[in-house]
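requesting a structural model of the entry that follows:
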Amino acid sequence: MSALMRPVVLFARLFLALGLLIDAHAAVDLPLSKVFKGEPQFSRLVRIAEQGGWRSLPLGERTVTVGQALLGTPYAGFTLEIDNHTESPSVNLNGVDCWTYFEIALGFARMLEVKTGNYTPQDLLAMIELDRYRGGQCDGRYTSRLHYLEDWMYDNERRGLVQNLTRSLGGVPMQGRYLNEMSKYWRTSRYLRSNPELVPEMRQIENRIASRTIYHIPKSQVPGIESKIRDGDVICITGRGPEGFTEHVGLAYRDREGVVHFMHASKDERRVIIDVALSRYLYRYRKFAGIMVVRPREASQSAMAALVVSSR
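This next block holds a predicted model:
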């Protein structure tokens with residue numbers, strides 16, 4: 001293939017891939033009524049997004065705008081535990097936890113970019129599958145889901161979906177950490193209770209994640225780098241350890257005065273809120289040690305990167 005033709009072929013493959021992604025159904029056969037809750041809320045979001053021209057916004061602003069539209073959504077845990085044996089991409093707009101909140105805001109924002117209208121719940125589910133599962137594909141098994149934020153950012157960065165800025169912002173390695181939440185407390189998971197044979201595999205995944213060098217920005221250093229945080233950056237809050245790396249997650253939101261706030265699904269407030277300035281919020285809880293900063297990338301850019309990698 002000539003050098004002149006290669007970009008043309010890559011762009012053709014890009015649009016084909018995006019078309020297939022949007023038209024695809026989940027990789028497993030669970031009914032829509034089970035995997036998607038809150039269709040009236042979805043329709044409302046689509047309506048105000050189209051009226052407000054959200055599609056024209058940069059991804060970060062678009063994500064924050066979706067996140068603001070979800071303010072007040074009740075906090076709800078375990079919304080992904082929908083079946084005893086089959087793992088499937090799912091969305092619940094009736095209640096969110098810290099992870100599903102930022103995930104839905106980002107997924108909806110990406111959906112607006114890769115499709116020009118006639119949005120359906122299946123379109124959002126496709127974006128969630130792209131983000132939530134290892135390699136962007138759910139194979140119906142619980143272990144295909146990215147259960148740890150550290151694994152999520154690693155996998156999504158490899159595929160060009162995000163850029164982990166933590167180290168470049170002065171992050172330091174987190175020492176003496178291990179992961180065992182899923183394998184140790186497996187009885188709290190509906191899937192693992194029903195499929196205990198998956199626990200050893202989950203333990204292997206945890207060991208693999210913990211073997212990587214993972215960076216964070218100590219909270220004492222956060223005021224010095226807040227100017228470099230943008231709307232829509234994913235803020236992963238780290239803990240003191242040694243068990244685990246992260247405690248919480250949300251989105252960065254910069255107000256009109258330029259102050260960076262933490263927008264998140266708050267377990268204490270039982271709803272989605274815009275909280276105090278990020279640097280202040282970190283000192284509210286002694287267990288918080290610092291942050292990781294992850295910047296989502298436009299899906300078209302990430303899809304192109306994935307195509308380039310796969311063509312090598």
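
name the element residue 199 belongs to?
helix 199-210 (DSSP states H and E).

with adjacent residues omitted, what lies nearest to residue 165?
Of all residues beyond its chain neighbours, the one nearest residue 165 is residue 293 (4.6 Å), with distances taken as Cβ to Cβ, 6 or more residues apart in numbering. For glycine as for every other residue, the C-beta is placed from the backbone atoms N, C-alpha and C.

relative to the helix or strand hosting that neighbour, what are the paired strands and their orientations?
For residue 293, the host element (DSSP H and E) is strand 288-296. The strands that strand 288-296 pairs with in its sheet are strand 162-164 (antiparallel), strand 215-218 (antiparallel), strand 234-239 (antiparallel) (by DSSP bridges).

export only the CA atoms of it, formatted as CSV.
Output of strand 288-296 as CSV, limited to C-alpha atoms (Å, rounded to 0.1, in the frame of the first residue of the first chain):
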residue,chain,number,x,y,z
PHE,A,288,-7.7,10.8,51.0
ALA,A,289,-4.0,10.9,50.0
GLY,A,290,-4.1,12.7,46.6
ILE,A,291,-5.4,12.5,43.1
MET,A,292,-4.8,11.1,39.6
VAL,A,293,-5.8,13.2,36.6
VAL,A,294,-7.1,11.5,33.5
ARG,A,295,-8.2,13.4,30.4
PRO,A,296,-10.6,11.7,28.1
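
now do the contacts for the residue nearest to residue 165.
Residue 293 sits next to 164, 165, 166, 169, 217, 225, 229, 233, 234, 235, 236, 252 when contact means Cβ atoms under 8 Å, 6 or more residues apart in numbering.

same deal with residue 150?
Per Cβ under 8 Å, 6+ apart, neighbours of residue 150: 179, 209, 212, 214, 245, 246.

same deal with residue 206?
For residue 206, the contacting residues are 148, 178, 179, 180, 181, 182, 183, by Cβ under 8 Å, 6+ apart.

with adjacent residues omitted, what lies nearest to it?
residue 179 (3.9 Å).

one more: residue 32?
Using Cβ to Cβ, 6+ apart and skipping the chain neighbours, the partner closest in space to residue 32 is residue 121 (6.5 Å).

in contact with that neighbour, which residues?
32, 36, 39, 42, 91.

could you work out the most separated pair of those?
Taking Cβ to Cβ, the two most distant members of the contacts of residue 121 are 32 and 42; they sit 11.5 Å apart.

okay, those two: which has more neighbours?
Higher neighbour count among residue 32 and residue 42: residue 42, with 20 against 14, using other Cβ atoms under 10 Å.

before we move on, the earlier item: which ones among the contacts of residue 121 map onto strands?
36, 91 (DSSP state E).

quick check, nearest of the contacts of residue 121 to residue 106?
The closest of the contacts of residue 121, once distances to residue 106 are taken by Cβ to Cβ, is residue 91, at 12.2 Å.

distance of that closest one relative to residue 229?
27 Å (Cβ to Cβ, to the nearest Å).

those two: who's more crowded?
residue 91 (25 against 21).

could you check how far the residue nearest to the more buried one when sequence neighbours are not counted is from residue 145?
Among residues not flanking residue 91 along the chain, residue 36 sits closest, at 5.2 Å (Cβ to Cβ, 6+ apart). The spacing between residue 36 and residue 145, counted by Cβ to Cβ, is 17 Å.

equivalent analysis for residue 184, please.
Residue 184 sits 18 Å away from residue 145, going by Cβ to Cβ.

of those two, give the one with the bigger neighbour count.
residue 145 (20 against 14).

so what's the backbone phi/psi at that one?
Backbone torsions for residue 145, taken as degrees, to the nearest 10, come to phi -80, psi 140.

quick one: what helix or strand has the spatially most central residue of the chain in it?
For the chain, residue 103 is the residue whose C-alpha lies nearest the centre (Cα atoms, centre = their mean; 4.0 Å). Residue 103 is part of helix 98-114 when elements are defined by DSSP H and E.

and for residue 79?
Using DSSP H and E, residue 79 falls outside every helix and strand.

that one contacts residue 97, doesn't it?
Yes - Residue 79 is in contact with residue 97 according to Cβ atoms under 8 Å; the separation is 6.8 Å.
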